[in-house]
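Novice: below is the structure, and that's it, no one-letter string:
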């Protein structure tokens with residue numbers, strides 16, 4: 001009887017162990033499936049990160065090539081060196097035997113730092129070029145006509161109407177009736193209309209105390225309050241006002257005082 005009881009107890013224990021083993025086997029199969037799924041997911045993520053890293057690297061290369069060309073053309077390649085690696089950094093990996101995935105992530109981090117540096121450099125370059133362009137636009141230089149010749153200089157001259165010596169506050173450029181009169185720098189139109197002695201006249205304020213005048217026009221093309229660009233045709237040459245023929249009377253005023261326009265006409269451009 002004892003032997004039968006012991007055999008029954010042993011059989012029940014074996015069944016329990018078998019059930020436990022079956023459960024563990026099922027759990028192992030489930031874990032293996034989960035592990036395989038995670039491995040597949042990790043491989044997919046790794047592949048996607050690797051693709052992103054390659055695309056980002058190509059974009060950075062194009063960005064650096066463009067930035068380098070712009071800096072070269074602007075003569076700013078000493079201030080902005082897009083051809084050398086930017087000064088970025090970070091902690092070194094503790095284990096030199098890192099996995100491929102870790103290498104890709106580290107490469108992505110490096111490229112993100114690189115993009116950030118290049119972005120700041122490009123913004124600074126854009127700002128500098130914008131300021132330089134604005135300065136160039138406001139820089140007085142060049143002739144107020146597309147075609148014509150200097151018919152009367154600045155300073156003392158014989159007045160053509162009464163033959164007396166008078167001070168000429170500007171220079172005259174003679175040319176064809178209706179030819180373009182040009183703004184020698186960007187500015188704001190502060191006068192456009194008839195003024196005694198000048199006929200149809202335009203006055204531009206360029207800031208920094210500079211004002212230019214363009215007189216004896218047959219027609220004005222701009223109105224008070226308009227912003228004009230350097231080289232823009234603002235009037236048509238004529239002989240309105242106190243004039244003996246088609247020409248433009250051109251004046252440059254610095255802080256309200258007339259100065260010799262020839263200093264600016266023959267001035268080197270920026």
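Specialist: Looks like it came in fine. The shown structure was predicted, so the numbers you read here are calculated from the model rather than taken from an experiment.
Novice: where does the closest residue to residue 267 other than its chain neighbours fall, phi/psi-wise?
Specialist: For residue 267, ignoring the flanking residues on the chain, the nearest one in space by Cβ to Cβ, 6 or more residues apart in numbering is residue 141 at 4.4 Å. In short, each C-beta sits where N, CA and C put it, glycine included. As for residue 141, its main-chain torsions (degrees, to the nearest 10) stand at phi -170, psi 140.
Novice: how close does residue 141 sit to residue 237?
Specialist: Relative to residue 237, residue 141 is positioned 20 Å away (Cβ to Cβ, to the nearest Å).
Novice: so between these two, which is more surrounded?
Specialist: residue 237 (26 against 16; other Cβ atoms under 10 Å).
Novice: could you find the closest non-adjacent residue to that one?
Specialist: Using Cβ to Cβ, 6+ apart and skipping the chain neighbours, the partner closest in space to residue 237 is residue 179 (4.8 Å).
Novice: how close does that neighbour get to residue 227?
Specialist: Relative to residue 227, residue 179 is positioned 23 Å away (Cβ to Cβ).
Novice: same question for residue 206.
Specialist: In this structure, residue 206 and residue 227 are separated by 11 Å, where distance is defined by Cβ to Cβ.
Novice: which residues do these two both contact?
Specialist: Here residue 206 and residue 227 share the contacting residues 186-187, scored by Cβ atoms under 8 Å, 6 or more residues apart in numbering.
Novice: just want to know which of these two has more residues nearby.
Specialist: Applying other Cβ under 10 Å to residue 206 and residue 227 shows that residue 206 carries more neighbours, namely 22 against 11.
Novice: so the more buried one is in which element?
Specialist: For residue 206, the element it lies in under DSSP states H and E is strand 199-207.
Novice: and for residue 61?
Specialist: When secondary structure is defined using DSSP H and E, the element that contains residue 61 is helix 2-73.
Novice: so for that helix, mean pLDDT?
Specialist: Taken as a whole, helix 2-73 has an average pLDDT of 62.
Novice: for the closest residue to residue 57 other than its chain neighbours, grab the count of nearby residues.
Specialist: In this structure, residue 57 finds its nearest non-sequential neighbour in residue 111, 6.3 Å apart by Cβ to Cβ, 6+ apart. Under the neighbour criterion other Cβ under 10 Å, residue 111 is assigned a count of 17.
Novice: ok, now the one 4 residues further on?
Specialist: The criterion is other Cβ under 10 Å. On that basis, residue 115 has 15 neighbouring residues.
Novice: next up, the contacts around residue 247.
Specialist: Taking Cβ under 8 Å, 6+ apart, one finds 148, 151, 172-175, 216, 237, 239 in contact with residue 247.
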